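[1] next come a sequence and a model predicted from it.
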Amino acid sequence: MSTRIAFLKGHGTENDFVIVPDPDNTLDLSPRTVAALCDRRAGIGGDGVLHVVRSAAHPEARHLADEAEWFMDYRNADGSVAEMCGNGVRVFARYLQRAGHAGEGDLPIATRGGVKHAHLAKDEPGAEPGTGPVTVAMGRAVLPGGDITVATAHGTAPALNVSMGNPHAVAFVADLADAGDLLSAPAVTPAGAYPDGVNVEYVVDRGPGHVAMRVHERGSGETRSCGTGACAVAVAAARRDGADPATTGSPVSYTVDLPGGRLVITEYPDGSVDMTGPAVIVAEGEIDADWLAGIS
């Protein structure tokens, strides 16, 4: 039996992940194991784990195997399971490209939030292979409604309830410093609005069709980027600005600046949302299986 387990490290706009290839789903990644892998001092470090499994080999994804060969079994940094991670999908797609499981063009990926369709763009002439932007069809945003407020020690702000397969509360503020450090979760009112937790985005305007944001991701604290959060922010900004592609028949795009980089979000008349941005693999190596066994 091998005493080493392969891993890679990647990021999408500095939302970073430990990638664990496990096609046959043979590894038991307990919450404690995931948290240890994501520990930035005693582990590898990351905002989450991308567990790479063939859909047919995972009980939560077998029903999607005919649509997507690969399942992104995503875990937050604290070990909790999440439905989706937009930046994670881009990095997951880049890994599959690097490993020879996918090429340029369209790529379906199974997630707990359903099948997501990625598109690996051609590399620019003269660029390193596998460096082109990745676009992910993120599905449709849902705006459940309801009066939501979020609060930190720096104050309280109204928020728009947006679901991208996972829940978001989007608050527009005058200054991103109004969010405080976002290491701990902002308080949400009403208290029972999000029984499984919520991602909270604080947003400021930079110009027409251009916003900047910070985010607290449930289970991970403040992160450098959140892809589903950027989508929720773009949709919320469009509605605030009086733009609804379903009504006008025209797509709406927003440039969203995050602490870790820039994403471009486009919402179409049919309600679908695309996210385009970079995805980078920065390292690969081996996890000591004895260390891993000592944790779980």
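    Perfect, I can see it now.

[2] need the strands for the stretch 1-150 of the chain, in chain order.
    In the stretch 1-150 of the chain, the strands defined using DSSP state E, counting those that start in this stretch lie at 4-12, 15-21, 48-54, 70-76, 105-111, 114-120, 134-140, 148-152.

[3] angle of the fourth one against strand 48-54?
    For strand 70-76 against strand 48-54, the angle between stretch directions is 160 degrees (axes from the mean of the first three to the mean of the last three CA atoms, to 10 degrees).

[4] which helices and strands does strand 70-76 pack with?
    helix 31-38, strand 48-54, helix 86-98, strand 105-111 (3 or more CB pairs under 8 Å, 6 or more residues apart in numbering; DSSP states H and E). For glycine as for every other residue, the C-beta is placed from the backbone atoms N, C-alpha and C.

[5] mind redoing it with 6 Å?
    strand 48-54, strand 105-111 (3 or more CB pairs under 6 Å, 6 or more residues apart in numbering; DSSP states H and E).

[6] now do the shortest one
    Under the contact criterion of 3+ CB pairs under 6 Å, 6+ apart, strand 148-152 touches strand 155-163, strand 167-172, strand 187-189.

[7] C-alpha coordinates for that strand, PDB please?
    Output of strand 148-152 as PDB, limited to C-alpha atoms (Å, rounded to 0.1, in the frame of the first residue of the first chain):
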ATOM      1  CA  ILE A 148     -32.600  40.700   5.500                       C
ATOM      2  CA  THR A 149     -30.000  42.700   7.500                       C
ATOM      3  CA  VAL A 150     -26.400  41.900   8.200                       C
ATOM      4  CA  ALA A 151     -24.300  43.400  11.000                       C
ATOM      5  CA  THR A 152     -20.700  43.500  12.300                       C
END
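
[8] quick check: mean pLDDT of that strand?
    Computed over strand 148-152, the mean pLDDT rounds to 94.

[9] so who does the residue nearest to the spatial centre of the chain touch?
    Most central in the chain under CA atoms, centre = their mean is residue 85, positioned 2.6 Å from the mean C-alpha point. By CB atoms under 6 Å, 6 or more residues apart in numbering, residue 85 lies in contact with residue 74.

[10] same question, the one 10 residues further on
    In this structure, residue 95 makes contact with residue 19, judged by CB under 6 Å, 6+ apart.

[11] at 8 Å instead, please
    Shown in contact with residue 95 (CB atoms under 8 Å, 6 or more residues apart in numbering): 8, 10, 19, 21, 50, 52, 281.

[12] if I look at the third one, how far off is residue 4?
    Looking back up the chat, that one is residue 19. In this view, residue 19 and residue 4 are 15 Å apart by CB to CB, to the nearest Å.
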